[in-house]
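A.B. asks: Sequence and predicted structure below; questions after.
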Amino acid sequence: MKITILNGSPRLQGNTSKMTAAFRESAEAAGHTVTEFNVCRMNIKGCLACEYCHGKGGGACIQKDDMQQIYSELQDTDMLVLASPIYYHGISGQLKCAIDRFYSALYPKAPESLRYVAMFLASGDKDQYTGARFSFDGDFLGYLGLEDKGFYTCAGSVTDEQLDEIRAMAQSL
Ligand SMILES: Cc1cc2nc3c(=O)[nH]c(=O)nc-3n(C[C@H](O)[C@H](O)[C@H](O)COP(=O)(O)O)c2cc1C
């Protein structure tokens, strides 16, 4: 299957990136095609709420920035992995901008191929995930009706055991 990772951490060797790397290696070894976007290295603006996409745009966003690369991937991806550090009790601003821009591509309905979602979060302290969980449950499981492939967290440095849990999920896809 085709899997798209949106990595919202600016730290390419950080905990979030270790989680996405563990996932990617195991998913690829299992025969899946994985594309990872580091949204912090991309030029992705916030949604303008102009509604062009739901009118004249016919599903296309009026803003022509690096989000176009993600839109084209979303057309036929089967699974979305949303990965982020926790910043001020939520996902990073860079990932939030990309998710808000789903408005043109995934609202009111996601592409047919998109069926699964997982979330990886890295925080400094424990129990910091309520905000991200609310969005994951409400927007991705509830509203879009995607199948839950797991909500993986680490507080402090990610452990080998935590990475193994992610690897096991990727192998089971
Ligand atoms: C701007 C900023 C805000 C943060 N806010 C929180 C927070 O609210 N709660 C928390 O537990 N950790 C917070 N942290 C710590 C990061 O979540 C933590 O260092 C995490 O491991 C970073 O992920 P990374 O290694 O993938 O960069 C914050 C860090 C930064 C830079």
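C.D. replies: Cool, the structure landed.
A.B. asks: going forward, measure contacts between C-alpha atoms and count neighbours the same way
C.D. replies: OK.
A.B. asks: can you give me the strands for the chain?
C.D. replies: For the chain, applying DSSP state E gives strands covering 2-7, 33-38, 79-85, 116-123, 147-155.
A.B. asks: partner strands of the longest one, parallel or antiparallel?
C.D. replies: Listed by DSSP bridges, the sheet partners of strand 147-155 and their directions read strand 116-123 (parallel).
A.B. asks: what comes into contact with the strand it pairs with?
C.D. replies: 15-16, 19-20, 78-87, 129, 136, 140-141, 146-156, 158 (Cα atoms under 8 Å, 6 or more residues apart in numbering).
A.B. asks: Kindly report the same for stretch 31-40.
C.D. replies: Contacts of stretch 31-40 (Cα under 8 Å, 6+ apart): 1-10, 24, 27-28, 70, 94-95, 98.
A.B. asks: export that stretch as PDB, just CAs?
C.D. replies: In PDB, the C-alpha atoms belonging to stretch 31-40 read as follows (Å, rounded to 0.1, in the frame of the first residue of the first chain):
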ATOM      1  CA  GLY A  31       6.700  -4.100   0.700                       C
ATOM      2  CA  HIS A  32       4.900  -0.800   1.200                       C
ATOM      3  CA  THR A  33       5.700   2.500  -0.600                       C
ATOM      4  CA  VAL A  34       6.400   5.200   1.900                       C
ATOM      5  CA  THR A  35       6.800   8.900   1.200                       C
ATOM      6  CA  GLU A  36       7.800  11.200   4.100                       C
ATOM      7  CA  PHE A  37       7.400  14.900   3.900                       C
ATOM      8  CA  ASN A  38       9.200  17.000   6.500                       C
ATOM      9  CA  VAL A  39       6.700  19.900   6.500                       C
ATOM     10  CA  CYS A  40       9.200  22.000   8.500                       C
END
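A.B. asks: What average pLDDT does that stretch get?
C.D. replies: For stretch 31-40, mean pLDDT is 98.
A.B. asks: any idea which helix is longest in this protein?
C.D. replies: helix 15-29 (DSSP state H).
A.B. asks: what's the spacing between Ser72 and the ligand?
C.D. replies: Applying Cα to the nearest ligand atom, to the nearest Å, the value for Ser72 to the ligand is 26 Å.
A.B. asks: Please apply the same query to Arg11.
C.D. replies: Arg11 is 5 Å from the ligand, by Cα to the nearest ligand atom.
A.B. asks: Likewise for Ile99?
C.D. replies: 18 Å.
A.B. asks: just Glu25 next, same as before
C.D. replies: In terms of Cα to the nearest ligand atom, Glu25 sits 18 Å off from the ligand.
A.B. asks: Can you report how many residues lie near that residue?
C.D. replies: Glu25: 15 surrounding residues under other Cα atoms under 10 Å.
A.B. asks: If I look at Pro108, what pLDDT would I see?
C.D. replies: In this model, Pro108 carries a pLDDT of 87.
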